[in-house]
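[1] no sequence on this one, just coordinates:
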Ligand code: HEM
């Protein structure tokens, strides 16, 4: 993408069906994943639509998606598109921080998720999964959408805030977290500071959570010789260029931001993976064979989940192709951009759709068919469940390790089958993060 004068450039084609006041909002709200696919089918690589007054240009196809993901924040801003997160994460945190402080905060967040702590996280997750299945008995039936929401809240809390906090995890904490979540509903993207009871509850929850986390921080500062191996430790020890540490407000903000980025994305993927295992016994048998071979000498799950498990990985990747949790990635244009002769005008929003990209038959033949054996496309920018470029998901490795850990523990133990007809398990697009419709009931039976 290059900067240009507006005059000689084309305008992006407009999507049909715009209503006088609401634009395309109604159709978007019915099923936004399908709406985005219609935009692309009708207009091609660039398609402009109206989100209740905000002109938005959908960019489709590997070339356009690469341009979107690689273009630096100087031209495309996430801050303007994610302003609803400011009261949730906190003032001065990530999108609300000045650019150099934001850069440092994101680096500290990546450090916490990628390197030194990964081995500890693997054992924490294995421990949580063991605790979870210990009450299952030989057979039963569960709504796994809810089950995975609980499990991944426990693993996130344990990995981020440590063992002590997880063991003392109270109803109060769960309620606070819930109030923060409700503060990110659609209306918050219009104006997150409106006088609304949900926003008052959000602000009270944010303040109380900071009190709770500040208590742990104070406690840890008083016992500075103990090693915790969790994300909080990394957040507390990180420094800005001038050697100052993050404030309690910023540490709390990073905890919340990481939890929000990782929780529902992981739980939705795990729920869809289990449904696909139950739907596709032939592929499940292949993964099971691979796991049986890996664990035949009694290796620890903790260790194995960090290594390659190719068939299980391909299976999860195919789950993420069909059901990418983050369907729509958005940025605001800070300046005019010339995209191959078309004007992307400052002030408009640009967006890409992972869901639409992953259903492009040019790169994924028979796109609706679940097939972990399908060939990978010859470009990096068609398969983008974790985004790409400078803001590629910081929790990618963590997420894959967690999913491998969960299924390496579940599949050898239990056989899973759908309770309802396969069509009853569908994508729920009512929230910001995709998950299967509730309930998604699955029957489990201990393997002989
Ligand atoms: C299957 C699970 C996951 C998927 C599909 C996923 C997907 C994504 C995507 C698409 C982005 C880019 C957003 C954009 O460009 O606007 C992203 C960013 C991010 N993700 Fe994930 N994510 C997952 C799990 C996690 C987990 C478990 C964590 C943390 C524990 C996490 C932390 C983050 C963070 C911190 C960012 C922002 C990176 C930055 O701004 O530089 N994610 N994720």
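    Noted; the coordinates are in hand. Keep in mind that this is a model prediction, so the values were computed, not measured.

[2] What parts of the stretch 151-300 of the chain come near the ligand?
    With the criterion set to Cβ under 6 Å from any ligand atom, the stretch 151-300 of the chain comes near the ligand through 258, 261-262, 265-266, 269. No exception for glycine: its C-beta is placed from N, CA and C like everyone else's.

[3] Tell me where the model's unsure across the chain.
    In the predicted model, the chain carries pLDDT under 70 at residues 1-7, 72-73, 302-305.

[4] Domain ranges for it, per the record?
    Under automatic domain parsing, the residue ranges defining each domain of the chain are 1-87+327-381, 91-322+385-446.

[5] Take the ones you listed and write them to a markdown table, including mean neighbour count.
    As requested, the domains of the chain are arranged in a markdown table below (neighbours: other Cβ atoms under 10 Å):
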| stretch | mean neighbour count |
| --- | --- |
| domain 1-87+327-381 | 17 |
| domain 91-322+385-446 | 17 |
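
[6] out of the residues of the stretch 151-300 of the chain next to the ligand, which are inside helices?
    Residues from those lying in helices, with DSSP state H as the criterion: 258, 261-262, 265-266, 269.

[7] quick one: which two of the residues you listed are the most distant?
    Checked with Cβ to Cβ, these reach their widest spread between 258 and 269, with 16.6 Å between them.

[8] can you pull out the strands in the chain?
    In the chain, the strands defined using DSSP state E lie at 46-51, 54-59, 76-77, 139-143, 328-333, 337-339, 342-344, 349-353, 414-418, 427-428, 435-436, 441-446.

[9] Quick one: closest of those strands to the ligand.
    Between the ligand and the strands of the chain, the shortest gap by Cβ to the nearest ligand atom is with strand 328-333, which sits at 4.1 Å.

[10] re earlier: return the member of the residues of the stretch 151-300 of the chain next to the ligand nearest to residue 25.
    Residue 25 has its nearest neighbour among those in residue 265, at 25.1 Å by Cβ to Cβ.

[11] ok, the closest residue to the closest one other than its chain neighbours - contacts?
    When the adjacent residues along the chain are set aside, residue 265 lies closest to residue 325, with 4.2 Å between them (Cβ to Cβ, 6 or more residues apart in numbering). The contact partners of residue 325, taken as Cβ atoms under 8 Å, 6 or more residues apart in numbering, are 264-265, 268-269, 385, 433-435.

[12] now residue 325: how far from residue 243?
    Computed with Cβ to Cβ, to the nearest Å, the distance linking residue 325 and residue 243 is 37 Å.

[13] give me the residue from the stretch 301-448 of the chain nearest the ligand.
    At 2.1 Å from the ligand, residue 395 is the closest residue in the stretch 301-448 of the chain, using Cβ to the nearest ligand atom.

[14] can you pull the contacts of that residue?
    Remark: with contacts taken as Cβ under 8 Å, 6+ apart, residue 395 is in contact with 113, 258, 261-262, 265.

[15] Pull the distance from stretch 122-135 to the chain's centre.
    Here stretch 122-135 is found 22 Å from its chain centre; the criterion is Cα atoms, centre = their mean, to the nearest Å.

[16] Adding distance to residue 367 as columns, could you present the residues of the stretch 151-300 of the chain next to the ligand in TSV?
    As requested, these are exported to TSV (distance: Cβ to Cβ, whole Å):
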residue	distance to residue 367
258	32
261	27
262	27
265	21
266	24
269	18
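
[17] wait, what's in contact with the residue nearest the centre of the chain?
    When the chain is reduced to its mean C-alpha position, the nearest residue by Cα atoms, centre = their mean turns out to be residue 265, at 3.6 Å. If a contact means Cβ under 8 Å, 6+ apart, then residue 265 has 325-326, 395, 399, 433 as its contacts.

[18] Distance-wise, check it relative to residue 219.
    On the measure of Cβ to Cβ, residue 265 and residue 219 end up 30 Å apart.

[19] With residue 123 instead?
    Relative to residue 219, residue 123 is positioned 23 Å away (Cβ to Cβ).

[20] And for residue 149, nearest residue in space, chain neighbours not counted?
    If the residues on either side of it in the chain are set aside, residue 149 comes closest to residue 267, at 4.6 Å by Cβ to Cβ, 6+ apart.
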